[in-house]
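Novice: No sequence on hand, only this structure:
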């Protein structure tokens with residue numbers, strides 16, 4: 001185990017440049033004192049590792065020192081080949097580089113590990129879009145990705161839900177969700193999210209920006225999606241559901257709604273149960289969501305939503321009665 005830990009410390013130093021003993025201890029799940037002993041062992045073995053003191057200090061390798069590491073375990077090699085996702089890489093213009101990197105990695109692996117690593121690509125496939133959806137091919141994705149990597153500001157013309165806008169953005173990260181690409185960018189003192197497919201024009205500026213050291217893309221995205229889902233469903237409705245209605249609600253609801261819906265355990269004499277369901281901001285939004293349940297659901301509260309459901313059901317019934325009379329293809 002110690003040999004594996006020493007290898008992990010060495011690769012971390014090589015990848016990070018500089019790191020403190022407490023950070024290494026947390027990453028390796030050992031005490032700081034153990035890290036001190038491990039650093040001494042690396043130094044005794046001839047590895048040029050040294051400490052920089054002070055508030056900004058830590059351990060680092062001598063500038064220019066590199067070590068060739070071929071000690072991948074079989075699961076590690078397989079995991080590396082699982083990261084080769086051809087669709088997203090191609091969208092970012094990195095498909096050729098990814099294929100070249102995988103070829104080099106395959107050549108560096110021991111002979112006995114190559115078949116299992118290759119099987120990962122043959123037997124696992126990522127299809128990012130949801131059912132009946134397609135992956136977007138945003139026109140300006142590659143330009144934004146290049147600016148993101150160079151830490152260059154961009155100027156975009158963006159079509160939001162309400163209006164067309166122009167923004168100067170510091171690109172901090174790209175996220176692929178459900179087949180759609182999203183840009184997390186710093187604008188006017190805050191981080192905002194933009195759907196890349198709605199970027200109408202993009203101009204990469206010859207102006208550098210300093211990426212905030214504390215920005216964590218994964219943490220930001222998780223918080224942003226939860227916040228958006230909560231904003232989209234700020235209210236609740238009390239609904240009476242048939243047994244089939246319960247199944248429909250589970251099938252049609254978004255994960256946020258599904259996990260926050262409360263359904264009573266006991267059913268009435270007809271087998272129907274009462275549920276409290278998160279709903280949209282407006283009565284119209286809520287009615288549009290619940291109409292998908294058809295006659296298998298009855299809204300009990302709020303009153304204005306119940307009235308809207310009754311109004312829409314009446315209008316639909318009237319329309320279909322008229323259509324059944326006037327439709328020329330209707331057989332008598």
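Specialist: Arrived safely. All values derive from a computational prediction rather than experimental measurement.
Novice: What's opposite residue 166 in the beta bridge?
Specialist: Going by DSSP bridges, residue 166 is paired in beta bridges with residue 157.
Novice: Please apply the same query to the one 10 residues further on.
Specialist: Listed beta-bridge partners, residue 176: residue 181 (assigned using DSSP bridges).
Novice: That one contacts residue 129, correct?
Specialist: No - here residue 176 lies out of contact with residue 129, judged by C-beta atoms under 8 Å, at a distance of 9.8 Å. In this view, the C-beta of every residue, glycine as well, is placed from N, C-alpha and C.
Novice: Tell me which of these two has more neighbours.
Specialist: residue 176 (20 against 15; other C-beta atoms under 10 Å).
Novice: so how far is residue 184 from that one?
Specialist: According to C-beta to C-beta, to the nearest Å, residue 176 and residue 184 sit 12 Å apart.
Novice: cool, and residue 168?
Specialist: Residue 168 is 15 Å from residue 184, by C-beta to C-beta.
Novice: out of the two, which sits in the busier spot?
Specialist: Between residue 168 and residue 184, counted using other C-beta under 10 Å, the more crowded position is residue 184 (21 against 16).
Novice: Give the full set of residues in contact with that one.
Specialist: 171-175, 191-193, 217, 220-221, 224 (C-beta atoms under 8 Å, 6 or more residues apart in numbering).
Novice: Any idea how many residues pack against residue 136?
Specialist: The burial count for residue 136: 18, using other C-beta under 10 Å.
Novice: Find me the pLDDT at it, would you?
Specialist: Turning to residue 136, the model gives it a pLDDT of 80.
Novice: Domain-wise, how is this structure divided?
Specialist: 2-61, 74-123, 140-223, 233-320 (the TED database).
Novice: Make CSV out of the ones you listed and add mean pLDDT.
Specialist: Shown next, in CSV, are the domains of the chain (pLDDT from 0 to 100):
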stretch, mean pLDDT
domain 2-61, 85
domain 74-123, 69
domain 140-223, 93
domain 233-320, 94
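Novice: how about those, which one is nearest residue 133?
Specialist: domain 140-223 (5.2 Å; C-beta to C-beta).
Novice: on contacts alone, who are the packing partners of the helix ranked longest in the chain?
Specialist: Using DSSP state H, we find that the single longest helix of the chain is helix 303-326. Under the contact criterion of 3 or more C-beta pairs under 8 Å, 6 or more residues apart in numbering; DSSP states H and E, helix 303-326 touches helix 283-290, strand 297-301.
Novice: relative orientation of it and helix 283-290 in degrees?
Specialist: Calculated by axes from the mean of the first three to the mean of the last three C-alpha atoms, to 10 degrees, helix 303-326 forms an angle of 60 degrees with helix 283-290.
Novice: neighbouring contacts of helix 303-326?
Specialist: 237, 279, 283-284, 286-287, 290-291, 299-300, 330.
Novice: Going by residue numbers, what spans are strands in the stretch 101-250 of the chain?
Specialist: Ranges of strands within the stretch 101-250 of the chain are 152-159, 164-177, 180-187, 190-195, 199-208, 235-241, based on DSSP state E, counting those that start in this stretch.
Novice: Any chance of those strands in a markdown table with distance to residue 309 as columns?
Specialist: Below are those laid out as a markdown table (distance: least, C-beta to C-beta, whole Å):
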| stretch | distance to residue 309 |
| --- | --- |
| strand 152-159 | 33 |
| strand 164-177 | 32 |
| strand 180-187 | 31 |
| strand 190-195 | 31 |
| strand 199-208 | 38 |
| strand 235-241 | 10 |
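Novice: Identify whichever of those strands lies nearest to residue 45.
Specialist: That would be strand 164-177 among those, by C-beta to C-beta, at 38.3 Å.
Novice: ok, and for the closest one, which residues are buried?
Specialist: Neighbour counts over strand 164-177 (16 or more other C-beta atoms under 10 Å) mark 167-176 as buried.
Novice: just stretch 289-301 next, same as before
Specialist: By neighbour count on 16+ other C-beta under 10 Å, the buried set for stretch 289-301 is 289-290, 293, 296-299.
Novice: Same check on stretch 216-224?
Specialist: 220-221, 224.
Novice: Same check on stretch 226-235?
Specialist: Buried-residue list, stretch 226-235, by 16+ other C-beta under 10 Å: residue 233.
Novice: what's the answer for stretch 123-132, then?
Specialist: Per 16+ other C-beta under 10 Å, stretch 123-132 contains no buried residues.
Novice: Check whether residue 300 really touches residue 240, as I assumed.
Specialist: Yes - between residue 300 and residue 240 there is a contact at 5.8 Å, judged by C-beta under 8 Å.
Novice: Put together TSV for the contacts of helix 303-326, with distance to residue 123 on each row.
Specialist: Output for the contacts of helix 303-326, formatted as TSV (distance: C-beta to C-beta, whole Å):
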residue	distance to residue 123
237	45
279	42
283	49
284	47
286	44
287	45
290	42
291	42
299	47
300	50
330	53
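Novice: Return the member of those residues nearest to residue 11.
Specialist: residue 279 (50.2 Å).
Novice: Look up how far residue 250 lies from that closest one.
Specialist: 16 Å.
Novice: Those two: which is more packed in?
Specialist: residue 279 (24 against 12).
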